[in-house]
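In: here's a sequence, model it:
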Amino acid sequence: MAKYIHSMIRVLDEARSVAFYETCFGLTVVDRLDFDSFTLIYLANAESDTELELTVNKGRTEPYDLGDGYGHVAFSVEDVDGLHARLEALGLGPRKLVDFAPGGEVIARFFFIADPDGYQIEVLKRGGRFK
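Out: Got it, this is the predicted structure:
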């Protein structure tokens, strides 16, 4: 059976991206591999074995074209309202909290936020299928 271990995104500024993911989601650097033309930074926290890999292509100055194929990554948190308020107070621009209730019953409470490179991140209240 296969095990999902990480997702990779390309970022322009290592320090800015590492700070964002630590501030928002408690992800810290667990490994860093430096090569001549690029650096790989692996981020994780104690909540999951899954990692986020940041790739920094050295010498790149232009923002990446995210295209129309990328959707989002998602994090679940116990206190979605508290995290939303904290990120708003920090000026990180989380979008509005949403109660998703297509059949009248709330099945998800969430908000979206963009990282420094424009990648969209969904933040869901932990529960139900969003553990």
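
In: can I see the domain layout of this structure?
Out: With domains defined by automatic domain parsing, the chain comprises 1-59, 70-131.

In: make CSV out of those domains and add mean pLDDT and mean neighbour count.
Out: Every C-beta, even on glycine, is put in place using the N, C-alpha and C of the backbone. Shown next, in CSV, are the domains of the chain (pLDDT from 0 to 100; neighbours: other CB atoms under 10 Å):
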stretch, mean pLDDT, mean neighbour count
domain 1-59, 95, 14
domain 70-131, 94, 14
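
In: and the next helix or strand past the longest helix seen in the chain?
Out: In the chain, assigned by DSSP state H, the helix with the most residues is helix 14-25. Sequence-wise, the next helix or strand downstream of helix 14-25 (DSSP states H and E) is strand 28-34.

In: distance from the chain centre to that following strand, please.
Out: Its chain's C-alpha centre and that of strand 28-34 lie 16 Å apart, by CA atoms, centre = their mean, to the nearest Å.

In: all good on my end, thank you.
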